[in-house]
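**Q** Predicted structure and sequence below. I'll ask about it afterward.
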Amino acid sequence: MFGTLRMNRSAMLTSLVVLSLSIAALTSTAAPMAGETGVAAAASPGIAAIEKAAKANKYLFIFFYTGQDSQTAAMNGVFQAAMAKMTDRADSLAIYAADPAEKAIIDKFAIRGAPMPLVLAIAPTGAPTKAFPKQFDEEQLQKAFVTPCTAKCMKAIMDRHTILLCVQSGKTQFNEEAMQGVKAFKDDPQYTKGTEIVMLNPTDKAEQPFLKALQVDSRTTSAVTLLVMPPGAPVARFAGAVTKEQIEAAVKAAASGCGPNCSCHH
């Protein structure tokens, strides 16, 4: 029988980026850049661009701005130069942050009051992976890409869902025994809507940075199940077989540690 092991919180938190942009109201009255009409439309072009990029399995980098000062112009130059080198992996878009037509995307990512200019990198899952306010360089923008599994987990956390991250491959033991407990937990009506199962193959070379952050050995011979709860905190790690009861006990233990007004595990 395998017990529950506590994880190093900093390991997961370095890989699941939680954006905390200010929600203060915009005060700038700067005019749009060339090419930006500032005219309200039926749907946000920014939201449409996110959907288009996702369908192409690309990232979307958005350059938000409120003025045409020298800092904005300089960073726009950096942005354009970087994007020209990423066309195979990413689409790009400039958005005037006071444009009424873009209210949906401004509200979605709580852009109001954020330092400008601001670049937001959004993965194909729809989750923001990095935010670059005021000043940045091409190298920083290149580092906005995360592993596919990381992006899935970031989207789940953005949606305030609990994650059951299943590290398994054709070479690991106890895969079926672990999945039985995971699926039983997910199938419980009180957990099903707020729980996501994410599969992670430890032999996938693309996922090695994420495995390292999770402190999971890519050569593991046994299935590993990680329980992650909003706002991205690792709660428990199960090696080998796991039951619904063990997962539920870990969830309740984590919830009991919150204050009386906490809603992070609801």
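**A** On my side now, so go ahead. Numbering: from 1, shown residues only.
**Q** Please make it C-alpha for all contacts and neighbour counts, starting now.
**A** OK.
**Q** in the stretch 1-150 of the chain, which spans are helices?
**A** Under the criterion DSSP state H, counting those that start in this stretch, the stretch 1-150 of the chain contains helices at 9-13, 45-55, 70-84, 103-108, 138-142, 148-158.
**Q** Mind putting those helices into a markdown table with mean neighbour count, distance to Leu214 and mean pLDDT?
**A** Conversion of these to a markdown table gives the following (neighbours: other CA atoms under 10 Å; distance: least, CA to CA, whole Å; pLDDT from 0 to 100):
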| stretch | mean neighbour count | distance to Leu214 | mean pLDDT |
| --- | --- | --- | --- |
| helix 9-13 | 16 | 6 | 40 |
| helix 45-55 | 17 | 26 | 95 |
| helix 70-84 | 16 | 30 | 96 |
| helix 103-108 | 16 | 29 | 92 |
| helix 138-142 | 14 | 22 | 95 |
| helix 148-158 | 22 | 10 | 94 |
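**Q** For Pro133, which non-adjacent residue is spatially closest?
**A** Closest residue in space to Pro133, ignoring its immediate chain neighbours: Leu118 at 4.3 Å, by CA to CA, 6 or more residues apart in numbering.
**Q** just Met83 next, same as before
**A** Ser92 (6.7 Å).
**Q** and the one you found, what is it in contact with?
**A** Leu60, Phe61, Ile62, Phe63, Met83 (CA atoms under 8 Å, 6 or more residues apart in numbering).
**Q** out of these, which are buried?
**A** Among these, those scoring as buried are Leu60, Phe61, Ile62, Phe63, Met83 (criterion: 16 or more other CA atoms under 10 Å).
**Q** between those, which is nearest Ala74?
**A** Closest approach between the buried ones among the contacts of Ser92 and Ala74, by CA to CA: Phe63, at 12.3 Å.
**Q** In this structure that closest one contacts Met116, no?
**A** No: in this structure, Phe63 is not within contact of Met116 by CA atoms under 8 Å, at 9.2 Å.
**Q** want to try TSV for the buried ones among the contacts of Ser92, with distance to Phe136 as columns?
**A** As requested, these are arranged in TSV below (distance: CA to CA, whole Å):
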residue	distance to Phe136
Leu60	17
Phe61	13
Ile62	14
Phe63	12
Met83	13
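**Q** Just the ones in strands from the residues you listed, please.
**A** Those of the buried ones among the contacts of Ser92 mapping onto strands are Leu60, Phe61, Ile62, Phe63, per DSSP state E.
**Q** and which of those residues is nearest Lys186?
**A** Among these, and counting by CA to CA, the member closest to Lys186 is Leu60, at 31.4 Å.
**Q** need the contact list for that closest one.
**A** Ala49, Ile50, Ala53, Ala90, Asp91, Ser92, Leu93, Ala121, Ile122, Ala123, Pro124.
**Q** Most widely separated two among those?
**A** Leu93 and Pro124 (14.9 Å).
**Q** between these two, who's got more neighbours?
**A** Pro124 (23 against 16; other CA atoms under 10 Å).
**Q** Export stretch 170-177 to CSV, keeping only CA atoms.
**A** What follows is stretch 170-177, C-alpha atoms only, in CSV (Å, rounded to 0.1, in the frame of the first residue of the first chain):
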residue,chain,number,x,y,z
GLY,A,170,3.4,2.0,-20.9
LYS,A,171,6.3,1.1,-18.7
THR,A,172,4.9,2.2,-15.3
GLN,A,173,3.2,-0.2,-12.9
PHE,A,174,-0.1,0.2,-11.1
ASN,A,175,-1.6,2.3,-13.9
GLU,A,176,-5.0,0.7,-13.8
GLU,A,177,-5.1,0.6,-10.0
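**Q** buried stuff in it?
**A** Residues of stretch 170-177 classed as buried by neighbour count (16+ other CA under 10 Å): Thr172, Gln173, Phe174, Asn175.
**Q** In helices only, show me those residues.
**A** Asn175 (DSSP state H).
**Q** Can you convert the buried residues of stretch 170-177 into a markdown table and add a column each for pLDDT and distance to Gln142?
**A** Shown next, in a markdown table, are the buried residues of stretch 170-177 (pLDDT from 0 to 100; distance: CA to CA, whole Å):
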| residue | pLDDT | distance to Gln142 |
| --- | --- | --- |
| Thr172 | 97 | 34 |
| Gln173 | 97 | 37 |
| Phe174 | 97 | 38 |
| Asn175 | 97 | 36 |
